[in-house]
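Student: Show me the folded form of this:
(one chain, ligands or ions: 1)
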Amino acid sequence: MLIALAEGDGIGREVIPVARDVLSALRPDLEFVPVEVGYGRWQRTGEAITDEEMRVLSSADAILFGAVTTPPAPDYQSVIVRIRKSLDLYANLRPVRGRGFDILIVRENTEGLYSGIEKVEHDSACTLRCISRKGSERIARFACSEARSRCDLTIGHKANVLKSDVFFRDICIAVARDAGVPCKECYIDALCLDVLQHPGRYDVIVTTNMFGDILSDVAAYLVGGLGLLPSANIGDGHALFEPVHGSAPDIAGKNIANPIAALRSAGMLLTHIGDPGAGCLVESAINAVLDQGICTRDLGGKAGTREFGDLVVRELSRRTKS
Ligand code: NAD
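Tutor: Numbers count the residues shown, from 1 in each chain. Have a look, this model is predicted:
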């Protein structure tokens with residue numbers, strides 16, 4: 001099985017090698033192909049990603065992605081947004097788990113405010129928020145199929161202001177009704193607060209692209225920060241796994257980034273390729289290291305990125321041998 005590894009920029013270059021070691025420890029049969037993409041590559045070659053990298057990514061059985069820096073420059077296109085769109089990775093799953101809550105944020109990943117349809121003029125700038133029936137129905141179906149084996153569905157939207165969200169919400173309600181999934185709705189701004197105050201009230205949350213992006217960063221507060229949250233980008237033919245965090249230039253190159261989000265993303269990848277047992281082992285090995293009081297600086301500890309990863313690998317080899 002072929003896994004494409006795109007470290008990207010910043011701390012992506014530190015956490016993905018750690019995640020690769022964990023994958024290799026559990027599944028020595030996996031083959032890895034490195035793919036260089038991102039702002040660093042753009043600075044070096046003038047291109048952040050080419051058709052050749054897209055070809056390698058699309059031919060892999062799964063992709064493990066670090067994070068890329070996206071400078072706020074009008075002529076620079078986000079690499080990760082291009083990959084999500086090109087491979088039609090329409091469902092972005094962001095699990096947020098802790099004591100007393102188990103939330104799955106299902107974010108539409110290909111349209112909405114990240115449509116890429118934009119116009120910047122001297123006195124105005126405009127971004128088109130595109131919500132299609134096809135895009136809304138398929139993300140609602142995806143969320144319902146997750147919610148069916150869990151509890152219920154919450155639709156996060158801003159239908160009191162945006163007509164495009166009346167459209168999105170009504171489609172989600174209709175899909176949930178047809179699927180027999182209990183469903184409630186909440187304005188996204190109120191949801192951002194309530195999810196922090198009462199996380200146990202939420203199960204599967206479906207929402208549009210940018211709202212899901214923001215909500216998942218907000219929800220990271222529940223678990224101790226961005227260094228802990230993994231994600232999966234799923235399409236009908238491809239899948240990409242990446243930490244929720246970005247390239248964190250403020251801490252890059254210092255060996256202090258928390259690798260847990262990348263490790264959990266690798267765990268989701270293992271489950272996706274049909275090895276849920278290995279996915280669970282990753283989680284239990286992470287917890288075993290944390291239970292010894294060992295953690296990175298963002299969680300109040302002193303362990304380095306590499307050191308934490310090595311301890312997880314050691315924990316895994318102890319478990320797989322016994
Ligand atoms: P960020 O997630 O990179 O960092 C936000 C804060 O969280 C920073 O203080 C950072 O130090 C901290 N942090 C993030 N990950 C951490 C980890 N693993 N361990 C410890 N601390 C961690 O978000 P940002 O600063 O808004 O963005 C930086 C760059 O990343 C930007 O260029 C942005 O466009 C890009 N970005 C990329 C992706 C992606 O590739 N999918 C996602 C988000 C942001």
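Student: what ranges do the strands span in the stretch 1-150 of the chain?
Tutor: Secondary structure of the stretch 1-150 of the chain (DSSP state E, counting those that start in this stretch): strands located at 2-8, 31-34, 62-67, 91-98, 101-108, 118-120, 125-127.
Student: and the second one, how far out from the chain's middle?
Tutor: A distance of 20 Å separates the C-alpha centroid of strand 31-34 from that of its chain, computed with Cα atoms, centre = their mean, to the nearest Å.
Student: Could you list the contact residues of the stretch 101-250 of the chain toward the ligand?
Tutor: 226, 227, 242, 245, 246, 247, 248, 249, 250 (Cβ under 6 Å from any ligand atom). C-beta coordinates here come from the backbone N, C-alpha and C atoms, glycine included.
Student: quick revisit: looking at the strands of the stretch 1-150 of the chain, which one is packed in the most?
Tutor: Highest mean neighbour count among those (mean count of other Cβ atoms under 10 Å): strand 62-67, with a mean of 26.
Student: Quick one: residues in contact with that one.
Tutor: 1, 3-13, 15-16, 19-20, 23, 35, 57, 80, 83, 238-243, 245-248, 262, 265-266, 269, 272-273 (Cβ atoms under 8 Å, 6 or more residues apart in numbering).
Student: In ChimeraX, how would I select the buried members of the residues you listed?
Tutor: Buried residues among these (16 or more other Cβ atoms under 10 Å), as a ChimeraX selection:
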select :3,4,5,6,7,8,9,10,11,12,13,15,16,19,20,23,35,57,80,83,238,239,240,241,242,243,245,246,247,248,262,265,266,269,272,273
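Student: helix, strand or coil for the residue nearest to the spatial centre of the chain?
Tutor: Centroid check for the chain by Cα atoms, centre = their mean gives residue 231 as the closest residue, at 2.7 Å. The assignment at residue 231 comes out as strand when based on DSSP: H, G, I helix; E, B strand; the rest coil.
Student: In contact with the closest residue to it other than its chain neighbours, which residues?
Tutor: Closest residue in space to residue 231, ignoring its immediate chain neighbours: residue 94 at 4.7 Å, by Cβ to Cβ, 6 or more residues apart in numbering. Contact partners of residue 94, counting by Cβ under 8 Å, 6+ apart, are 104, 105, 106, 107, 212, 216, 219, 229, 230, 231, 244.
Student: picking that back up, want to try a markdown table for the residues of the stretch 101-250 of the chain next to the ligand, with pLDDT and secondary structure as columns?
Tutor: Output for those, formatted as a markdown table (pLDDT from 0 to 100; DSSP: H, G, I helix; E, B strand; the rest coil):
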| residue | pLDDT | secondary structure |
| --- | --- | --- |
| 226 | 95 | helix |
| 227 | 96 | helix |
| 242 | 98 | strand |
| 245 | 96 | coil |
| 246 | 96 | coil |
| 247 | 98 | coil |
| 248 | 98 | coil |
| 249 | 97 | coil |
| 250 | 97 | coil |
